[in-house]
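> Sequence below, structure please.
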Amino acid sequence: MDPKKAVESLKLMLARQGRSKLLPRIARALGRIDERQKATRPRVYVADEKQARQAFAESGISAADVCVDETLIGGWRLEDGERLVDNSFKKHLLNIYSNATKTV
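Numbering: from 1, shown residues only. The predicted structure follows:
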């Protein structure tokens, strides 16, 4: 179906069902889906820029978007589509805390 016709059909259907207010939410959801599909480059989250070099060397990735994550204490996180490699201090500290507070 032609995209314009599909959108018009969707608008008419939502209007008939009294759900026209859903249209902006649907548009945002489709935009998020589109952004996810466009994101082909891996992302490396680091506490500071210096850690990016180490993350690239350890992961074998030659090109990625580097994002500074202020919630990370140290280490790095690599997101590549469906894959997540978490080598952050935050993860290790949460594991230590979880193991220390377990009841036997």
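> What is the burial count for residue 26?
13 (other C-beta atoms under 10 Å). Every residue, glycine included, has its C-beta placed from N, CA and C.
> can you list the weak-confidence ranges in this structure?
Residue ranges of the chain with pLDDT under 70: 37-40, 51-56, 59-64, 104.
> hey, where'd the helices end up in it?
3-16, 23-38, 50-59, 89-100 (DSSP state H).
> per the record, what domains does this protein have?
The chain breaks down into these domains under automatic domain parsing: 3-38, 43-100.
> Could I get the helices of the chain in CSV, plus columns for distance to residue 73?
Below are those laid out as CSV (distance: least, C-beta to C-beta, whole Å):
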stretch, distance to residue 73
helix 3-16, 46
helix 23-38, 28
helix 50-59, 11
helix 89-100, 4
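> Would you mind telling me which of the ones you listed is nearest residue 65?
Among the helices of the chain, helix 50-59 comes nearest to residue 65, with 9.9 Å by C-beta to C-beta.
> from the domains of the chain, which stretch is densest packed?
Mean neighbours per residue, mean count of other C-beta atoms under 10 Å, is largest over these for domain 43-100, with a mean of 14.
> Kindly check the end-to-end length of that one for me.
32 Å (C-alpha to C-alpha, to the nearest Å).
> And residue 71, how far from residue 8?
Separation of residue 71 from residue 8 (C-beta to C-beta, to the nearest Å): 44 Å.
> quick one: which of the helices of the chain is nearest residue 83?
If you check each of the helices of the chain against residue 83 by C-beta to C-beta, helix 50-59 wins as the nearest, at 10.1 Å.
> so residue 65 bridges to which residues?
residue 43 (DSSP bridges).
> Now do the contacts for it.
Listed by C-beta atoms under 8 Å, 6 or more residues apart in numbering, the contact partners of residue 65 are 41, 42, 43, 44.
> any idea how far residue 28 is from residue 4?
20 Å.
> Now do stretch 93-104: everything it contacts.
In contact with stretch 93-104 (C-beta under 8 Å, 6+ apart) are residues residue 73.
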